[in-house]
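S.K.: Need coordinates for the following:
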Amino acid sequence: MRIRKLEIAGFKSFVDRTVVQFDSDVLGIVGPNGCGKSNIVDAIRWCIGEQSAKHLRGKSMSDVIFNGSDTRPAHGMAEVTLVFDNSDPESAAQLPLEYKDYSEIAVTRRLFRDGTSEYLINRTQVRLKDVTDLFLGTGVGTKAYSIIEQGKIGLIVSARPEDRRMLIEEAAGITKYKARKRQAEQKIEQTRQNLLRIGDIVSEIERNLASLKRQAAKAERYVSYRKEVEDLILHEASHKLLEITVLRQREQAAHRDFGEREQVARTALGTREAELEVSRQEALACEERAERAQNEAFAADNEVRTHEAEIARARDRFRHLEERRTAAAREQAELERSIHELTAERAQLEAQLGAVAEEEAQESELALEQHERLEEVRHGERNAEQELTILRKRAAEAAAAVAAAEATLAGFDRRMGEMGQRRVKLEDELGRLSFEGEDIERRRADLSREAAESAGAKQYATDERARLDAELKTLREQAVTSDRTVEQAKNELNQRRNRLRALEELHTRLEGVGAGVKNLLKTRDPALLGLVADRIEAPAELTAAFAALLGDKLQVVVVSDLERATALLGELAQKKQGRASVIAAQPLTPLTPASSTPPFPEGEGVIGPLIERLRYAPEDEALVRALVGDAVVITTPEVGARLAAEGARCALVSLDGMVFRPDGTVSGGQGDAIAAGMIEQKREMRELHEIVASKSDEVTAMLEAQQALRQRVTDVGNALERARSEAHQAELQLLTAEKDLKRAEEQLATAHKRRAVVDQELEDLREHLDMASGEQDAARERLDQNRRKLEEAMGGQEHAEQVAAEWRERVLAQQSIVTDRKVRLARVRERATAARSTVERLTRSCEELRGRIDRLDKERTDGAVGAGRAAATIMLAHEALRRAATAAHTAQATLTDARRTLDEARQRHALRESGLRELRQQLTAITEQLRKHELALEKLAIEHTHLIEGVRERFRGLELHMVMGDYHKRPPVEASHRARIVELTELLDRMGPVNLDAVREYAEAEERHTYYAAQKADLEKAIADLESAIAQMNRESKRLFKQTYDSVNARFKVLFPRMFRGGSAELRLTNPEDMLETGIEILAQPPGKKLGNIELMSGGEKALTAVSLIFSIFQHKPSPFCILDEVDAPLDEANVTRYNEAIRSMTSHSQFILITHIKRTMQSVDVLYGVTMQEPGVSKLVSVRVNENIRRAEAPPSAAVA
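M.R.: Numbers count the residues shown, from 1 in each chain. This is a model prediction of the structure:
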């Protein structure tokens, strides 16, 4: 499972997609500090699952994404792909089953700027756990021995023994067992928690079984007692019903008289209320006029403040312009001084230049004189040479042949040497051109690919920019629409809330409720639970029917404690604060036996029981049944008349409010507006609460969506800017790539042409060498003949040669003098040239300063114009301020007049309101009398209803008048009769709550107990199985650890003295009795030293010891690959050689990636990658096959010539 390829894009300093081919046994990575070498190690570690940003040399995981440079924008994603070779069956056997059949496995990790992370295996998205499981037991991992980071080699030696144990565990392949063990222990803990919960459930069920058994026996006794007491209660209720009927007839007559008087008072009250509404409208109109006047005054004040601010801004501008003019004048004066100083300096230099020119002329004359003397000496030399030539000519005839022959032979030797050297140079150049041609060809292919990628990137960026532009336009339109929609929803919500607050205020003031009820509720006694109208709600279509059926009962107060309520009513009577009626929240009414429940009428026009269409809390069911009973809703009064004639035994109420009662009474006519209003008000409040809650949620969702949409607009806008920048960057990259590609093609054509020329020249040179070799042999023969003749002809030319030598020495001396004069002249001329350059520079500086003075003049002129405009603006603003102040004064006067009118209107409204209160007090007195009789009727009606409904409720729909005839035949109720009811009731009360479903619940509890007992047994078995599996894994881990430890220790003992060229070392367990937790100590003794504390070893010794241990582990179980980051840095040259030899010896089983600065290590690798930063902040890779280049460089010259 060696690494075949690494692809990096956007990771740290590797901005562009970079591919690293790992197609050799030993690969080296070199480069200067800070160029990004270790980023390659970080990329590999990150790809195989590293989760610690600290281990990746960052603060957060987002630091691995390229964060931009001076020339490159930041990237939004980092991506690293590792491609592994899985063709080896032995390494494939260690992988999970689903990956064994793949010949190549690609692991990819991506991280986006928003924190989203992706893992892929063979382009299929997986979890992080799948990636870590893939490498378990292979020696590869973020904490395994396959990656030795920069500066961490020494930590292997200095680490705690328990930490050092991890190396042996990884080599033993037990990390996967430890991972499975952790999972099993987690499952055991979860299973034990589930077992505890199920144990609690089983214990609770067992406790309930005994209780349910007792409850079932108690329920049987309860049913027997209840039947007897119900019969006695029906007997008593029948006689009580006759008594209530007589009392109701008396109270109804008095109630009608006070009702007529109340109607007259209410008519007068309506007239006064209309007048009060007119005065209120007048006051509102005055308020509107006052508000308009106030708004006008505010607007005038705002205009005054606006003009004052404008004057302040104009004054600031005027002051700023004056300051700039003053500054320009000061700068102009300084520039004038600078020009004066430069002019003086230039004049001084021009004077110096004149002196230098004179010195130059003098030196020129002296040089000329010495040159003339040199010509004279040379003339003497020529005369001597001429005399010598005459003497030599006398011997020339004798030496001509020798000289000619020697010259010819020397020429041949020189030519042969030159042609040989030329041939070597041409062959070297031919080799170099071949290498350069291949390099240029590869570079052209790379540039072609980069140009294609840049063109694709440009097209993608252009398309992305167009898409984002369209999306941004759409989002902005959606944002406008969303703003309008949110505003409309807010307005609607505010309207609903205002309506709800108004209704709640009316409900709080108890509008339409009698004075007695109001005074009773004002006591806020805990026993008072509220009005009946507040606890029952009818649909809109049944409002009239429900109000007609209950009528004044809607104002009855529901109480939790009837005795306390009775005391409160007594206090109400004592204080003469009106009357009120109460009803218990849980009325004690008998139930009718199921066999006596009257059937509900059926047929056309019957809607159904009213109680089924009402809304109420479950705890109010008894109260609702006591008030509503078995009343049935019908469509029209005609249906009610028909059903009553047919003998219907329940109350009938039509949709328009006509009531047919079982006793034969029919109620109809104009409904009670107050009762209907209370029902309608309660229903509307509930609906408004629901609507307000729904609308609030809707507005909240709209606001969140609006915020998300705005954020999306911002994000898309930012993305559009990035896309524009990327498109521009891609276009620049494409132009650069095309230009580089064209340059490479030109270089390649030039190299091809030059190679053709060199080939032809080399061929011609070989032909000339063959010809010159033959001619050289003939010249040697002629030379031998001519030398014998020369010995005979040599004569007396020694004196002439001595004279000529003297003249030559004089010429050389004079030449030295001339040269010295020329040097002096050159120095003078150099000083003159420097002075002229300085004068020219000062002249240019003066011109530049004068240009700056001209610009400052223009700036001062412009400042004066701007100051004039600012002054004009101030004058105009003062005039506008005066007009605005006048308008503000007028608006304030209008506001004062409007407020005075408003106060008068409010006084009139207060007088009318006072008269209305007096009339209401009169109406209240009449109403109290009316309510007195109403309360009596209500009390009797409640007693009648309670009696009827109580019987109906208690006896499951039984109508009392249907059975009262049977009970009237019995004797009246006696004391013994009531005593038996009390006795049975007390007996039932003493029994307490009875669970009538106890028998069914007991059976269900037994079934649940059986089910959970089986579940408990299954969980106990699962825990035992998991504990057995953990024990098995512990045994296997101990065996593998001991086996691996012994093997690694034996190899370490051998490898250590080989690396150190002597000494000894071994591993020892800190706790041999506990193989699962024992640590590992290193005992090392370098050659020539005593065995001592390993911490006292030098850095190089520690590094070499750690390398020996790592390589021992590799010999036992080679990791598919190993990354060594500057591990050889502490080693000396000899140890580096042994280090490289050890690596080379293990390449048959492992692949090594070395990051180094050591030359010897660079020479030992197969492929060398150079990491550079030609562009600041951006890493690039360059590869070289080192071994081939070294072999080529070390080849002998003869082989190169051949």
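
S.K.: On the three-state scheme, Cys35 is what?
M.R.: Reducing the assignment at Cys35 to three states with DSSP: H, G, I helix; E, B strand; the rest coil gives coil.

S.K.: contacting residues around it?
M.R.: 13, 1171-1173, 1179 (Cβ atoms under 8 Å, 6 or more residues apart in numbering). C-betas here are computed from N, CA, C, even on glycine.

S.K.: ok, and the closest non-adjacent residue to Leu734?
M.R.: Ser454 (3.9 Å; Cβ to Cβ, 6 or more residues apart in numbering).

S.K.: re earlier: what's the lowest-pLDDT member of the contacts of Cys35?
M.R.: Confidence by pLDDT is poorest for Met1173 among these, given 85.

S.K.: can you count the residues close to that residue?
M.R.: 16 (other Cβ atoms under 10 Å).

S.K.: if I pick it, what's in contact with it?
M.R.: Applying Cβ under 8 Å, 6+ apart, the residues contacting Met1173 are 13, 34-36, 1179-1180.

S.K.: Now render these as TSV, adding distance to Ile188.
M.R.: Converted to TSV, the contacts of Met1173 look like this (distance: Cβ to Cβ, whole Å):
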residue	distance to Ile188
Ser13	47
Gly34	50
Cys35	51
Gly36	47
Ser1179	49
Lys1180	53
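
S.K.: For Arg422, which three-state class applies?
M.R.: Arg422 ends up helix, using three-state DSSP.

S.K.: Quick check: it vs Ala772, distance?
M.R.: Relative to Ala772, Arg422 is positioned 12 Å away (Cβ to Cβ, to the nearest Å).

S.K.: And Ala826, by the same measure?
M.R.: Between Ala826 and Ala772 the distance is 46 Å, computed by Cβ to Cβ.

S.K.: out of the two, which sits in the more crowded spot?
M.R.: Ala772 (15 against 11).

S.K.: A strand includes the more buried one, no?
M.R.: No: the assignment for Ala772, made by three-state DSSP, is helix rather than a strand.

S.K.: what sits against it?
M.R.: Applying Cβ under 8 Å, 6+ apart, the residues contacting Ala772 are 412, 415-416, 419.

S.K.: His1149 too?
M.R.: 1114, 1118.

S.K.: do that again at 7 Å, thanks
M.R.: Counting by Cβ atoms under 7 Å, 6 or more residues apart in numbering, His1149 touches Pro1118.

S.K.: so which strand or helix has it?
M.R.: Here His1149, judged by DSSP states H and E, is contained in no helix and no strand.

S.K.: same question, the one 3 residues further on
M.R.: Phe1152 is located in strand 1151-1155, with elements delineated by DSSP H and E.

S.K.: What average pLDDT does that strand get?
M.R.: 88.

S.K.: Kindly report the same for stretch 71-89.
M.R.: 87.

S.K.: just stretch 418-431 next, same as before
M.R.: Here the average pLDDT along stretch 418-431 is 76.

S.K.: Which residues belonging to it are considered buried?
M.R.: Judged by neighbour count (16 or more other Cβ atoms under 10 Å), stretch 418-431 contains these buried residues: 419, 423, 426-427, 429-430.

S.K.: which one among those residues gets closest to Leu902?
M.R.: Glu429 (109.3 Å; Cβ to Cβ).

S.K.: give me every residue that touches that closest one.
M.R.: Glu429 touches Val758, counting by Cβ under 7 Å, 6+ apart.

S.K.: Ramachandran coordinates for it?
M.R.: Dihedral angles of Glu429 (phi, psi; degrees, to the nearest 10) stand at phi -60, psi -40.

S.K.: any idea how far it lies from Val757?
M.R.: 10 Å.

S.K.: hmm, back to that, in CSV: the buried residues of stretch 418-431, plus distance to Leu1083.
M.R.: CSV is the format used below for those (distance: Cβ to Cβ, whole Å):
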residue, distance to Leu1083
Met419, 70
Arg423, 65
Leu426, 64
Glu427, 60
Glu429, 61
Leu430, 61
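
S.K.: Going by distance to Val19, which of those wins?
M.R.: For those, the nearest to Val19 is Leu430 (32.5 Å; Cβ to Cβ).

S.K.: In contact with the closest one, which residues?
M.R.: Leu430 sits next to 755, 758, 762 when contact means Cβ under 7 Å, 6+ apart.

S.K.: Please flag which of the contacts of Cys35 sit within strands.
M.R.: With strands taken from DSSP state E, the overlap with these comprises 1171-1173, 1179.

S.K.: out of those residues, which are buried?
M.R.: 1171, 1173, 1179.

S.K.: Please tell me how far the second one sits from Asp620.
M.R.: When distances are taken as Cβ to Cβ, Met1173 and Asp620 turn out to be 82 Å apart.

S.K.: swap in Ser448?
M.R.: Using Cβ to Cβ, Ser448 is found at 86 Å from Asp620.

S.K.: Same check on Ile1113?
M.R.: 80 Å.

S.K.: who has more neighbours, these two?
M.R.: A direct count of neighbours by other Cβ under 10 Å for Ile1113 and Asp620 places Ile1113 higher, at 26 against 19.

S.K.: Please identify the helix or strand for the more buried one.
M.R.: Using DSSP H and E, Ile1113 falls in helix 1099-1116.

S.K.: That helix packs against which elements?
M.R.: Helix 1099-1116 sits against helix 153-158, helix 161-172, helix 998-1060, strand 1080-1085, helix 1133-1145, with contacts defined as 3 or more Cβ pairs under 7 Å, 6 or more residues apart in numbering; DSSP states H and E.

S.K.: Mean pLDDT, mean neighbour count and distance to Leu842 added to these, as TSV?
M.R.: As requested, those are exported to TSV (pLDDT from 0 to 100; neighbours: other Cβ atoms under 10 Å; distance: least, Cβ to Cβ, whole Å):
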stretch	mean pLDDT	mean neighbour count	distance to Leu842
helix 153-158	72	18	63
helix 161-172	79	20	73
helix 998-1060	84	16	71
strand 1080-1085	86	19	75
helix 1133-1145	86	17	59
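
S.K.: Any idea which of those gets closest to Ala888?
M.R.: helix 153-158 (81.2 Å).

S.K.: Pull the residues that contact the closest one.
M.R.: 164, 1082, 1094-1095, 1099, 1102-1103, 1105-1107, 1109, 1127.

S.K.: Then stretch 605-617?
M.R.: 535-539, 542, 545-546, 549, 600, 624-625, 628, 630-636, 639, 653.

S.K.: Just the buried positions in it, please.
M.R.: Buried, per 16+ other Cβ under 10 Å, within stretch 605-617: 605-607, 609-611, 614, 616.

S.K.: in this structure, which helix or strand is least confident?
M.R.: Least confident helix or strand, the chain: helix 1197-1201 with a mean of 31, by mean pLDDT, DSSP states H and E.

S.K.: And the ones in strands among the contacts of Cys35, which is closest to His235?
M.R.: Ser1179 (104.8 Å).

S.K.: how near is Glu621 to Ala631?
M.R.: Per Cβ to Cβ, Glu621 is found 15 Å from Ala631.

S.K.: more crowded one of the two?
M.R.: Neighbours per residue, other Cβ under 10 Å: of Glu621 and Ala631, the larger number sits with Ala631, 23 against 13.

S.K.: pLDDT (mean, whole number) over the helix or strand where Gly570 lies?
M.R.: Here Gly570, judged by DSSP H and E, is contained in helix 562-574. In this model, helix 562-574 has an average pLDDT of 77.

S.K.: on contacts alone, who are the packing partners of the very next helix or strand once past that helix?
M.R.: Note on helix 562-574: by DSSP H and E, the next helix or strand toward the C-terminus is strand 582-584. Helices and strands touching strand 582-584, as assessed by 3+ Cβ pairs under 7 Å, 6+ apart, comprise strand 557-559, helix 562-574.

S.K.: and the next element down the chain from strand 582-584?
M.R.: Strand 582-584 is succeeded, C-terminally, by strand 606-609 (DSSP H and E).

S.K.: If anything else comes up later, I'll come back, but that's it for now.
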